[in-house]
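> sequence plus predicted model, see below.
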Amino acid sequence: MLSALLRTLDERDPRARVTSAAVARFSKDIAAQRGLSDRDQELAHTAGLLHDIGRFALSDRVMERGMTLTDPDWKTIRRHPMIGADLLRDVGMYGPVAEIVRAHHERWDGRGYPDGLDGIEIPEIARIVAVAEV
């Protein structure tokens, strides 16, 4: 199932596979450096692979590189963490990953999205994925 989800995103955006693989590896390495358990390191790796899975539902216009994005485009983009989390919950196998995917664009100061979480309200592994993505 994980492979099929990743292939779906790769078909939509060929650079996504490389980016997702890098985010996954960095996430796992950061989790290891933070002293998280082997289980949490694997969870960070899986969440890193799937962090942008919600992008597959975005319109072609929004996905094109080099386009000037409008305010409605940005609103659509900011929905991808929710879309990804909902998709993963629907699959049923990735419950803990869904929470991380939903929160990976939250910010410590509360100015992130989609829920405006701040500080320790943001799951630790979601914070790790956010750093790895940068």
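Noted; the coordinates are in hand. Numbering: from 1, shown residues only.
> quick one: secondary structure of the residue of the chain most remote from its centre?
Farthest-out residue of the chain from its mean C-alpha position, per Cα atoms, centre = their mean: residue 68, at 22.8 Å. Here residue 68 is recorded as coil under DSSP: H, G, I helix; E, B strand; the rest coil.
> what's the separation between it and residue 74?
Relative to residue 74, residue 68 is positioned 11 Å away (Cβ to Cβ, to the nearest Å). For the C-beta atoms, the positions are set from N, CA and C on the backbone; glycine is no exception.
> ok, now residue 6?
26 Å.
> who has more neighbours out of these two?
The neighbour comparison of residue 6 against residue 74 (other Cβ atoms under 10 Å) goes to residue 6, with 18 against 12.
> contacts for stretch 69-82?
Under the criterion Cβ atoms under 8 Å, 6 or more residues apart in numbering, residues 52, 54-55, 57-59, 61-62, 67, 101-105, 113-114 lie in contact with stretch 69-82.
> show me which of those are buried.
Using 16 or more other Cβ atoms under 10 Å as the burial test, the contacts of stretch 69-82 include 52, 54, 55, 58, 62, 101, 102, 103, 104, 105, 113, 114 as buried.
> how about the most centrally placed residue in the chain, what does it touch?
Taking Cα atoms, centre = their mean, the centroid of the chain lies closest to residue 51, which sits 1.9 Å from it. Counting by Cβ under 8 Å, 6+ apart, residue 51 touches 20, 23, 84, 100, 101, 104, 129, 133.
> please apply the same query to residue 121.
Per Cβ under 8 Å, 6+ apart, neighbours of residue 121: residue 106.
> circling back: what's the lowest-pLDDT member of the buried ones among the contacts of stretch 69-82?
Minimum pLDDT for those is recorded at residue 62 (73).
> so where is the chain shaky, pLDDT-wise?
Low-confidence segments of the chain (pLDDT under 70): 65, 93.
> run the last query once more with 80
The model of the chain has pLDDT under 80 over residues 1-17, 59-67, 92-94.
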